[in-house]
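Enquirer: The following comprises the amino acid sequence and a computationally predicted model.
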Amino acid sequence: MIENPLICQIFDKTTEETVLQRASDILQRGGVVVCATDTGYLLGVNGLNPEAIRKIYQIKGRAFDKPLHLVAADPSMVKTLAEVNEKAERIMQQFWPGPLTLILKKKPIVPDSLVSGLANVGLRIPDNAFLLRLVQMAGVPITATSANRSGFKTPYTVEQVLSELGEAVKFVDLIIDQGETRHGSPSTILDLTCTPPQILRKGPITWEMLQTAWQIQDTQPTG
């Protein structure tokens, strides 16, 4: 923990590599990083480290019965974390990288503390090349929860991160400033563990877009 988190901006390739290495090192030793996705700034820790996961709940003041989601680097990493059937594969190919979170049946490698003891886990691959490189370099999925206190607004700029985290920002080790995020709303959440599938949160990926890609018939969103 540091009293004032280091805020880094990426100006060129050299800066990017330096920031990537610093952030990767922090994640590997159980630290906390704030960085951009395509749908807002996230609080990222090693999503397979229960102690690091606990930090996220404490920073956000989040109830432990509310599960966290994960960012994966690529579909191969997703398949180490969750069961992926043919229909899920089709959705992944069509919409990832992008603003879509899929709820899938988790594998044992995913800590129970991340998912509040549930059998499922939320996974996404955002459309942010820097973030995906970071996850790849760290070698582990990272938490995908918004960089705010529980119940506060989702931040889309670093200035909003500082405002929404307030005093809790002192528990963050590194903030990576990539400017304003591409989308001004959270990702769509699609639950593929139920039949028919359900949209748990509306976002940039609409039900109509999902129907076209998956050829879902005679079903309607519930969220």
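Expert: In hand now; what should we look at?
Enquirer: Next one: the closest residue to residue 126 other than its chain neighbours relative to residue 178, how far apart?
Expert: Residue nearest to residue 126 in three dimensions, not counting chain neighbours: residue 37, with 3.9 Å by C-beta to C-beta, 6 or more residues apart in numbering. Where you see a C-beta, it was placed from the backbone N, CA and C, and this is true even at glycine. Per C-beta to C-beta, to the nearest Å, residue 37 is found 10 Å from residue 178.
Enquirer: Overlap in contacts, the two.
Expert: Both residue 37 and residue 178 are in contact with residue 128, where contact means C-beta atoms under 8 Å, 6 or more residues apart in numbering.
Enquirer: So these two - more neighbours on which side?
Expert: residue 37 (28 against 18; other C-beta atoms under 10 Å).
Enquirer: now the more buried one: how far from residue 167?
Expert: Remark: distance between residue 37 and residue 167 (C-beta to C-beta) = 24 Å.
Enquirer: Would you mind finding the longest helix in this structure?
Expert: helix 13-28 (DSSP state H).
Enquirer: Give me the helices and strands touching that one, please.
Expert: strand 6-9, strand 33-36, helix 129-138, strand 174-177 (3 or more C-beta pairs under 8 Å, 6 or more residues apart in numbering; DSSP states H and E).
Enquirer: one more time with 7 Å, if that's ok
Expert: Packing contacts for helix 13-28, counted by 3 or more C-beta pairs under 7 Å, 6 or more residues apart in numbering; DSSP states H and E, involve strand 33-36, helix 129-138, strand 174-177.
Enquirer: Tell me which of these sits nearest to residue 155.
Expert: Closest approach to residue 155 among the helices and strands packed on helix 13-28 is made by strand 33-36 (8.7 Å; C-beta to C-beta).
Enquirer: in the closest one, what counts as buried?
Expert: For strand 33-36, burial by neighbour count (16 or more other C-beta atoms under 10 Å) applies to 33, 34, 35, 36.
Enquirer: The third one touches residue 177, doesn't it?
Expert: No. Assessed by C-beta atoms under 7 Å, residue 35 is found out of contact with residue 177, at 9.0 Å.
Enquirer: Just name the shakiest helix or strand of this protein by mean pLDDT.
Expert: When each helix and strand of the chain is scored by mean pLDDT, DSSP states H and E, helix 207-214 comes last, with a mean of 85.
Enquirer: Who are the packing partners of that one?
Expert: When contacts are defined as 3+ C-beta pairs under 7 Å, 6+ apart, helix 207-214 packs onto helix 86-95.
Enquirer: what mean pLDDT does the helix it packs on have?
Expert: For helix 86-95, the mean pLDDT works out to 93.
Enquirer: export that helix as PDB, just CAs?
Expert: This file holds the C-alpha atoms of helix 86-95, laid out as PDB (Å, rounded to 0.1, in the frame of the first residue of the first chain):
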ATOM      1  CA  GLU A  86     -20.500 -24.200 -28.800                       C
ATOM      2  CA  LYS A  87     -23.000 -21.500 -28.400                       C
ATOM      3  CA  ALA A  88     -20.800 -19.500 -26.000                       C
ATOM      4  CA  GLU A  89     -17.900 -20.000 -28.500                       C
ATOM      5  CA  ARG A  90     -20.000 -18.400 -31.200                       C
ATOM      6  CA  ILE A  91     -20.900 -15.400 -29.000                       C
ATOM      7  CA  MET A  92     -17.200 -15.000 -28.000                       C
ATOM      8  CA  GLN A  93     -16.100 -15.000 -31.700                       C
ATOM      9  CA  GLN A  94     -18.700 -12.400 -32.700                       C
ATOM     10  CA  PHE A  95     -18.400  -9.900 -29.800                       C
END
